[in-house]
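> fold the stuff below for me.
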Amino acid sequence: MEDDRQGWLRCLLAGAVFVVCMAGTTLPTPLYPLYQEKFGFSELTVTVVYAVYAFGVIGVLLLAGNASDTVGRRPALLWGLGFAAASAVCFLCASGLGWLYAGRLLSGLSAGLFTGAATAYVMELAPPGGSSRATLVATAANMGGLGCGPLLAGLLAEYAPEPLLLPFAVHLALVAVSFVVLLRLPETVARRQPLSTVRPQRPALPEGVRAVFVPAAIASFVGFALFGVFTSVSPAFLARYLHVDNHAVSGLIVALAFFASTAGQLAVGRVGVARSLPLGCAVLFTGLLLLAGALYADLLALVVLSAAVGGTGQGLAFRAALSAVASAAPADRRAAVISALFVVAYTGISIPVIGVGLLADPLGLEGAGLVFIACMLLLVASAGAYLLRRPVRVGEPLDRTKRS
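Numbering: from 1, shown residues only. This next block holds a predicted model:
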């Protein structure tokens, strides 16, 4: 019993560190209108600044997605915190657009190291038999952290001085505390190797994982694409078309999508992994329709509702996808396989966002958003139909041979 309590404490502490890292990646979201006003750049530039982060994530996942399997979880996560701290410093020093690009890139490098490694680390720190709850802790920390970023920045920007400085100073302090916490947690990789043994990896998957991975990746792509649009251009849409100039309100609406995702993840335990994937696609479809209605009619209530419904659908689909892929992966390839899933997810959070930015000038934000929604509706409907025809079968519980 004491060992179980100790294991869950460590699992939750690792989850808290995960939250701090991911919060930093969405911290600039409600601040983009202020940066636009200060530096005078377009909507396309906003989406490119946002997408630089995703490209950083994908680059790390492809080049070193298996690093924590080799050198250990803690070294990889300590490097991730280092990049998070450097990102905060860039935003604190920002005197031009170049600083924003650098800060977003470093934030992407941080998230790229964290996504696979921290997810595997949280799962491995949990007591034996707790893999399902640990998966929830990991995915909730990921999405909850993403939600905390815009909420914290929005509140500080609206009600505290120095809106472009204080949020990043607070985050830098939280990163420092996370360093201390991480140094006190145990390593879970028993057989570690030098950093020189880490090699870039192709997005290949073990044969037994592929049948599970394909539908899981489709659902993840759509959910993250919706989040990408919410976090990059929704503050500008709220300010320009709905006259919502309160940064705390715009940050709260973006955060709502991520918190609703956490609620959707909680529901997976009752619904079941196999049913949660197609159900998540159906709920995502509804959320996209609500967002289309919000863009067409300029209704704040529909924006809020689309954030709640779309986020719930993303949570259902994403936790089910992660559970299915992680349980099917061999222990010595788990972080690499999880990283491959995140490569697909972060492709969804970047490429469609740039497309919206490119279309925003000729079509306006509303028109660009409607084109995006039409494409995502087609994709999510196809994914849902595929999953109904070929339901995901979840494998055996996670192998814990990597525990130290």
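> buried sites along the helix or strand hosting residue 270?
Of the helices and strands defined by DSSP states H and E, residue 270 is found in helix 247-271. Across helix 247-271, burial judged by 16 or more other C-beta atoms under 10 Å covers 247-262, 264-268. C-beta here means a position set from N, CA and C on the backbone, and glycine is covered the same way.
> the host helix or strand of residue 233 vs helix 247-271, what angle?
Residue 233 is part of helix 207-241, with elements assigned from DSSP H and E. Helix 207-241 runs at 150 degrees relative to helix 247-271, counting by axes from the mean of the first three to the mean of the last three C-alpha atoms, to 10 degrees.
> list the buried residues of helix 207-241.
209, 212-239, 241.
> just for the stretch 101-250 of the chain, where's the confidence low?
Residues of the stretch 101-250 of the chain meeting the criterion pLDDT under 70: 195-204.
> show me the shaky parts of the stretch 301-404 of the chain.
335, 392-404.
> that older thread, mind checking how far the helix holding residue 233 is from the chain centre?
9 Å (C-alpha atoms, centre = their mean, to the nearest Å).
> kindly report the same for stretch 372-382.
20 Å.
> which secondary structure elements does the helix holding residue 270 contact?
helix 131-159, helix 207-241, helix 273-297, helix 300-328 (3 or more C-beta pairs under 8 Å, 6 or more residues apart in numbering; DSSP states H and E).
> rerun that using 10 Å as the cut-off
Using 3 or more C-beta pairs under 10 Å, 6 or more residues apart in numbering; DSSP states H and E as the contact test, the elements touching helix 247-271 are helix 2-26, helix 32-39, helix 131-159, helix 207-241, helix 273-297, helix 300-328.
> closest one to residue 174 among these?
Closest of the helices and strands packed on helix 247-271 to residue 174 is helix 2-26, at 4.8 Å (criterion: C-beta to C-beta).
> the closest one vs helix 247-271, what angle?
Comparing the axes of helix 2-26 and helix 247-271 via the same axes, to 10 degrees yields an angle of 140 degrees.
> quick one, helix 2-26 and helix 131-159 angle?
Here the directions of helix 2-26 and helix 131-159 differ by 40 degrees (the same axes, to 10 degrees).
> what about residue 173, how many neighbours?
12 (other C-beta atoms under 10 Å).
> which SSE is it in?
In the assignment (DSSP H and E), residue 173 maps to helix 166-183.
> quick one: buried residues of that helix?
166, 167, 168, 170, 171, 172, 174, 175, 178, 179, 182.
> render the CA-only coordinates of it in CSV, please.
Output of helix 166-183 as CSV, limited to C-alpha atoms (Å, rounded to 0.1, in the frame of the first residue of the first chain):
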residue,chain,number,x,y,z
LEU,A,166,4.9,38.9,-16.7
PRO,A,167,3.4,35.7,-18.1
PHE,A,168,6.9,34.5,-19.3
ALA,A,169,8.6,35.5,-16.0
VAL,A,170,6.0,33.4,-14.1
HIS,A,171,6.6,30.5,-16.4
LEU,A,172,10.3,30.7,-16.0
ALA,A,173,9.9,30.5,-12.3
LEU,A,174,7.7,27.4,-12.7
VAL,A,175,10.3,25.8,-14.9
ALA,A,176,12.9,26.3,-12.2
VAL,A,177,10.7,24.5,-9.7
SER,A,178,10.1,21.7,-12.2
PHE,A,179,13.9,21.2,-12.5
VAL,A,180,14.1,20.6,-8.8
VAL,A,181,11.1,18.2,-8.8
LEU,A,182,12.5,16.2,-11.7
LEU,A,183,15.9,15.8,-10.1
